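> After the sequence you'll find the predicted model.
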Amino acid sequence: AAMRSRAEVDATLQTAKLNPAELLPAVQCLSFGPQAGGGECCLLQLEPGLCAELEAGRSLVIRGEKDEHAVLCSKDKTYDMKIADTSNMLLFVPGCKTPEELNADAASCNIIHSQIAGFSKNYWELRRCRPKLKKLRKLLMEDPYEGPDSQKDQTSTFSKYTTEDLLSLIQASEEEILHQLQVIDACKIEGYWRVLDFDYEMKLLNHVTQLIDSESWPLSKVPLCACLEELGSLEPREMIEHILLSYGRKYVDAGEVFFEMREDKICRAIAQMLLQNAVKFNLSEFEEVWQQSVPEGMTTRLDQLQGLALVDRSSRPETIFLLKVEDLPEDNQERFNSLFGVRQKWTEVDITPYIQDLCAEKQTVGALLTKYARSSMLNGVKVYNSRRPIS
Amino acid sequence: LSHSAGTGALAQWVLVELQGEVEPRQSRDLAGSLLGDLHYTCEGVPVLIVGHHILYGKVVQLEKPFAVLVKQGGAPQPSPTGPHGHYTVTALIKTKLLFKTRPKPIITHVPKRV
């Protein structure tokens, strides 16, 4: 079709009974571009900060396999994507000028032909969400590292994952993934991210704690060099350093590297080692054995076991059993279902370590409990149970 | 599954929001056909003449800007689980022209009393 002329525009204005004197001199004739109907363009509504990131040249990535709901990841955040329908037609017009732009351009001609690049009745909305990190642990637990002597590694047919592999498989931002790798004490062996097999990890920890004991080092000042020297013949140096990094806080004093051993984390690991050998334990017996098993100078406390073990104070005698939060479902409703399957009624104190990680930005445990549980009083104490009938 | 900004500054586009469907006068494809004339009053009010209608609107600065994603390699519709495939951010949209008022019909011919 031939492009509209200024004369045609003026004729339309006359028919429409609009006074050209009340209008800016430039008209923009909008027509549909050649690709407009193709549906290849879509709109993404940006949350605060994302626009600035794009303008700074940083990328956003959409992650998700066909069976997963897609998420959008910036460098450090993850967002759920949802289609929002409007009842209106949204047209996207490159080069369309606002009144300010027309006024600023003194030499502009009085007719501009603009093409509509595309149109849509909907757009993608973003909502910040928790990164989906459970899969990360699951992937790395497919093939935990059992040490250099293990035959497994040589003949292993399991997948091993590099950072790039994890970035393409996990629905989370790069920073969130790298942070989680640190949280789960993963380490890079021959370029692949690995988690240690728990028994191997305890073996390494035991080497270190025994050495600390025999050398009478203070728990707050364990020298790296001496450890590597004494234990280097037993285990790879990288593994010795890794276990020190996992269970201690690194610092430098007078040019030498030391570790302040983390009492809570060590006590917790030893508790796990004891608890995983049976379904449940007599609480007082467990507490005695546990205290005897930890390094000299360390004190065990039940609050070190939050999210790891659960105490049953209603049984006679009182018992304790292993319940690891990382083994529970990631989805909110499924998590609550499984917790109520373990125990019908929970106090807030007991359940908090098992739902804390579900809290979204600015969401509280209380808000979660209100949404997914029903409260009642039991012997003067507030307890929570399932909203659903127990089948 | 990634989309990223190309080199160089991102283009700034404008969104035009209209009520209802956009239907071409002719039955042929939309591509190439005219939508209408966009004017602004001296006060900056956008006026869009579409067919026999005059639409008055307003310029809105978007609180949440949009990114325009273009799918690489031609498009089956995105599935309900999300947009899968390779996208590129082509432009940003920070401004929209919102036409929500009821269109004023243009009366082109007033029959004379006989």
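Nice, I can see it.
> ok, the nearest residue in space to residue A:199 that is not next to it in sequence to chain B distance?
Closest residue to residue A:199 apart from its sequence neighbours, by CB to CB, 6 or more residues apart in numbering or on different chains: residue A:146 at 7.7 Å. (Each C-beta comes from the backbone N, C-alpha and C, glycine too.) Distance from residue A:146 to chain B, counting by CB to the nearest CB, to the nearest Å: 34 Å.
> Tell me the confidence at residue A:146?
Model confidence at residue A:146, expressed as pLDDT, equals 93.
> Check residue A:117 too.
So residue A:117 comes in at 90 (pLDDT).
> That one: neighbour count?
The local packing of residue A:117 (other CB atoms under 10 Å in any protein chain shown) involves 24 other residues.
> residues in contact with it?
Shown in contact with residue A:117 (CB atoms under 8 Å, 6 or more residues apart in numbering or on different chains): A:33, A:35-36, A:41, A:92-94, B:13, B:68.
> Closest to residue A:352 out of the residues you listed?
Using CB to CB, residue B:68 is the member of the contacts of residue A:117 that lies nearest residue A:352, at 43.9 Å.
> which secondary structure element contains the closest one?
In the assignment (DSSP states H and E), residue B:68 maps to strand B:58-71.
> That strand packs against which elements?
strand A:41-45, helix A:50-55, strand B:11-19, strand B:87-99 (3 or more CB pairs under 8 Å, 6 or more residues apart in numbering or on different chains; DSSP states H and E).
> Quick check: which of the ones you listed has the most neighbours on average?
strand A:41-45 (a mean of 22; mean count of other CB atoms under 10 Å in any protein chain shown).
> So residue A:268 sits against residue A:303, correct?
No. Applying CB atoms under 8 Å as the test, residue A:268 and residue A:303 come out as separate, 10.1 Å apart.
> In PDB, list the C-alpha atoms belonging to stretch A:294-304.
Extracted C-alpha coordinates of stretch A:294-304, given in PDB (Å, rounded to 0.1, in the frame of the first residue of the first chain):
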ATOM      1  CA  VAL A 294      33.000 -35.100  70.400                       C
ATOM      2  CA  PRO A 295      36.600 -33.600  70.700                       C
ATOM      3  CA  GLU A 296      37.800 -32.700  74.200                       C
ATOM      4  CA  GLY A 297      36.800 -29.100  75.000                       C
ATOM      5  CA  MET A 298      33.600 -29.200  73.000                       C
ATOM      6  CA  THR A 299      30.100 -29.200  74.500                       C
ATOM      7  CA  THR A 300      27.100 -30.800  72.900                       C
ATOM      8  CA  ARG A 301      23.700 -29.100  73.000                       C
ATOM      9  CA  LEU A 302      20.400 -30.200  71.500                       C
ATOM     10  CA  ASP A 303      19.900 -26.900  69.700                       C
ATOM     11  CA  GLN A 304      22.900 -27.800  67.500                       C
END
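> Show me which positions of it end up buried.
Within stretch A:294-304, the residues that count as buried by 16 or more other CB atoms under 10 Å in any protein chain shown are A:294-295, A:298, A:300, A:304.
> Let's have the residues you listed in JSON lines, adding secondary structure and distance to chain B.
As requested, the buried residues of stretch A:294-304 are exported to JSON lines (DSSP: H, G, I helix; E, B strand; the rest coil; distance: CB to the nearest CB, whole Å):
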{"residue": "A:294", "secondary structure": "coil", "distance to chain B": "47"}
{"residue": "A:295", "secondary structure": "coil", "distance to chain B": "48"}
{"residue": "A:298", "secondary structure": "coil", "distance to chain B": "47"}
{"residue": "A:300", "secondary structure": "coil", "distance to chain B": "47"}
{"residue": "A:304", "secondary structure": "helix", "distance to chain B": "41"}
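> and the residues you listed, which two are the farthest apart?
Distances among the buried residues of stretch A:294-304 were taken as CB to CB; the most separated pair is A:295 and A:304, at 13.8 Å.
> okay, and the helix or strand of chain B with the least pLDDT?
Sorting the helices and strands of chain B by mean pLDDT, DSSP states H and E puts strand B:2-3 at the bottom, at a mean of 44.
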